[in-house]
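K.L.:
sequence isn't available, so here's the structure alone:
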Ligand code: FUL
């Protein structure tokens, strides 16, 4: 059974075959006039291999190589192949997870920039042949390909053009090696759906022991046309990904976001892989782009592409993943979501949990469609028979087209009873090119007037808008500009339940507390006395101060349905309003601003704070820096307290166990001591860099 809501095409296709047959029978009885000629395509249009790819929408990326074992993002190429040794490698676990998530396939990093090959290639000894794993007899590429095929999923390969291991990198000889590697991957592993080339090319590396910097001319070095020919010969149905396509292009960032205006057309001949101005000038595509090269949004479910234990607590949150979904698939792009495979050779359970939260929420968002079959659907312009606007209810098959020469037209839906929705999904028939340039969405109010709800620019394969909850009896979708007579393949409206997560809490140095709802339109309720906010809560309207240690309980409420989120409980400690950092270095205020994204560094390895008053202290908290790359984390500490800032009493000494792998807030308690000044000293650090701190706080009695 298909589980993923936006990929219900198989079922729909079957339904639409019956539907067209039925329509055909009715029509042939009613009238014998031929259908109007189809609209002229607007060039460029997709190739069949690109059309098949568009339907995939959502598929996985797996970064799993030498870097997994060296804890790096980019290896130098001098790593010992013996280090590659997953303890519980099981690609069927990956495949089952991807299948359950409705993903359609996977792209595996067969070779990353460090040159280590996950298959026993003939081209180099820097491969699984010399790994400890399976005594060099294993083949990761084969096992992953087979596991995915067993689940009916597709398989694709990432082969880094840059190779920091190979002695010939930078010379013409390497191009033969690179092509031979491609030949092996595209010959020995069955059908490949996508071949992925990264833009990072040239720089320092090991290069067979030369240890030097090698720059290449990114335009000419790889002779891409010959390589593309080779791929077409070996895997004619595979799409090729790169900055310049030729079939699928990079979205221009690694956040997973396409653009409000995203054209599938690209000025392809002006682009080359790794060009510096690509992201700013070419990534959104161009209205008058010469080739069909749609966008693919690649993003990792964690900050890094590769697995690092210290990112186990940094898997993207549900609100972040939802933004990615709506800003990629909802903006005419596919979504390539990366899993940093861990050292066991598995998708980590935290990643799986977050993925499934996303999938369930998306299923929920699209499970309640406004029934269009009850609506009267009219268009201000129609090309002729066979292009009637009623066709927009189906995802595939018939479609609506406006009359030739018309570049603006309105589709109106009148419902017998009021309907409610907050999602709008629309698709063009891209087989005829991407045509729509601008549109408005309007609804009829009670008094019979039309009021604007949203405006947009491009649509393409799929566009989804998140809207405020809206109730109406009539909707107008007005195409205000198009490259030629517009087409609409499919249109739908859904009522998505609100994202009922508890609000997040932030507080600044002055003690002002802000409660932030996960989604617009939700109410926030809270208590400060330990009681249940669902019963005794106060409605949050604006920031308020909390200066003393207080337990705050919060929930979100959907005013439309009355549904509430779980209650989140946070123990706020003493506010830092009257605190002063007695230290050197830049931005001592970052240490006590209650914002863990800002840091304070000191090369004295010690920091003292005047709390402004005397307190009975029972502990302290050290929040380590949260940057992607960590430095100066304190691993062993000494904590002291003073009444006057001169005489210090040591109260606690110890280690922050596992802080480098898991940089979460550290909480140390001790028997109560009274004092006004606190001091934290680094006895040991992760490295030689200045001691780093995101936040320092205290726990006080009562
Ligand atoms: C980047 C590479 O440099 C990263 O390591 C990663 O593979 C990502 C998907 O592409 O540009």
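P.N.:
Good, I have the coordinates. From a predicted model like this one, the values you see are computed outputs, not experimental measurements. Numbering: from 1, shown residues only.

K.L.:
in the stretch 51-200 of the chain, what residue comes closest to the ligand?
P.N.:
residue 200 (4.1 Å; CB to the nearest ligand atom). Quick note: C-beta positions are derived from backbone N, CA and C, even for glycine.

K.L.:
go ahead and confirm that residue touches residue 274.
P.N.:
Yes - shown here, residue 200 and residue 274 form a contact pair, counting by CB atoms under 8 Å, at 6.5 Å.

K.L.:
give me the beta-bridge partners of residue 63?
P.N.:
Each beta-bridge partner of residue 63 is listed here, defined by DSSP bridges: residue 340.

K.L.:
list the contacts of it.
P.N.:
Residues in contact with residue 63 (CB atoms under 8 Å, 6 or more residues apart in numbering) are 109, 112, 300, 305, 306, 307, 338, 339, 340, 341.

K.L.:
likewise residue 673?
P.N.:
616, 617, 641, 649, 651.

K.L.:
secondary structure element for the residue of the stretch 51-200 of the chain closest to the ligand?
P.N.:
For residue 200, there is no host helix or strand (DSSP states H and E).

K.L.:
what about the nearest residue to it once chain neighbours are set aside, how many residues close to it?
P.N.:
With sequence-adjacent residues excluded and distances taken as CB to CB, 6 or more residues apart in numbering, residue 200 is closest to residue 162, at 5.7 Å. Using other CB atoms under 10 Å, residue 162 has 26 other residues around it.

K.L.:
follow-up on the earlier one: which of the contacts of residue 673 sits closest to residue 698?
P.N.:
Using CB to CB, residue 617 comes nearest to residue 698 of those, at 5.5 Å.

K.L.:
gap between the two ends of stretch 426-445?
P.N.:
End-to-end distance of stretch 426-445 (CA to CA, to the nearest Å): 22 Å.

K.L.:
ok, now stretch 365-379?
P.N.:
End-to-end distance (CA to CA), stretch 365-379: 28 Å.

K.L.:
swap in stretch 641-655?
P.N.:
Termini of stretch 641-655 sit 18 Å apart (CA to CA).

K.L.:
neighbour-wise, which of residue 200 and residue 274 wins?
P.N.:
residue 274 (19 against 13).

K.L.:
quick check: closest non-adjacent residue to that one.
P.N.:
Using CB to CB, 6+ apart, the nearest residue to residue 274 is residue 199, at 3.7 Å.

K.L.:
tell me the contacts of that neighbour?
P.N.:
242, 243, 250, 273, 274, 275, 278.

K.L.:
pLDDT score for the second one?
P.N.:
According to the per-residue confidence, residue 243 scores 91 in pLDDT.

K.L.:
report how many residues lie close to it.
P.N.:
Neighbourhood size, residue 243 [other CB under 10 Å]: 23.

K.L.:
thinking again about what came up before, pop out the phi and psi values for the residue nearest to residue 274.
P.N.:
phi -90, psi -10 (degrees, to the nearest 10).

K.L.:
distance of it from residue 279?
P.N.:
Counting by CB to CB, to the nearest Å, the separation of residue 199 from residue 279 is 10 Å.

K.L.:
of the contacts of residue 63, closest to residue 80?
P.N.:
The shortest approach to residue 80 among the contacts of residue 63 belongs to residue 112, at 15.8 Å (CB to CB).

K.L.:
wait, the closest one sits on residue 75?
P.N.:
Yes - counting by CB under 8 Å, residue 75 is a contact partner of residue 112 at 7.1 Å.

K.L.:
residues touching residue 596, list them.
P.N.:
623, 626, 694, 695.

K.L.:
mind listing what residue 341 touches?
P.N.:
By CB under 8 Å, 6+ apart, the neighbours of residue 341 are 62, 63, 64, 68, 86, 94, 307, 347.

K.L.:
at 7 Å what do you get?
P.N.:
Neighbouring residues of residue 341 by CB atoms under 7 Å, 6 or more residues apart in numbering: 62, 63, 64, 68, 307, 347.

K.L.:
most neighbours among those residues, which one?
P.N.:
residue 64 (29 neighbours).

K.L.:
now do stretch 484-500: distance to the chain's middle.
P.N.:
From the chain centre to the centre of stretch 484-500 is a distance of 21 Å (CA atoms, centre = their mean, to the nearest Å).

K.L.:
okay, buried residues for that stretch please.
P.N.:
By neighbour count on 16 or more other CB atoms under 10 Å, the buried set for stretch 484-500 is 484-496, 498-500.

K.L.:
what does stretch 594-612 give?
P.N.:
594, 595, 598, 599, 600, 601, 602, 607, 608, 609, 611.

K.L.:
quick revisit: settle it for me: which of residue 112 and residue 75 has more neighbours?
P.N.:
Ranked by neighbour count (other CB under 10 Å), residue 112 and residue 75 place residue 112 first, with 30 against 23.

K.L.:
which non-adjacent residue is nearest that one?
P.N.:
Residue 112 sits nearest to residue 65 (CB to CB, 6+ apart), 4.7 Å away.

K.L.:
contact partners for that neighbour?
P.N.:
Going by CB under 7 Å, 6+ apart, residue 65 touches 109, 112, 114, 116, 118.

K.L.:
6 Å instead?
P.N.:
Listed by CB atoms under 6 Å, 6 or more residues apart in numbering, the contact partners of residue 65 are 109, 112, 116.

K.L.:
for residue 424, same thing?
P.N.:
465, 493.

K.L.:
also residue 54?
P.N.:
Residue 54 touches residue 461, counting by CB under 6 Å, 6+ apart.

K.L.:
what about the helices in the protein?
P.N.:
Counting by DSSP state H, one finds helices in the chain at the ranges 9-30, 48-54, 66-70, 91-100, 140-150, 172-188, 224-234, 318-328, 349-365, 533-536.

K.L.:
residue 466 bridge partners, please.
P.N.:
residue 423.

K.L.:
how many other residues sit next to it?
P.N.:
For residue 466, using other CB under 10 Å, the count is 17.
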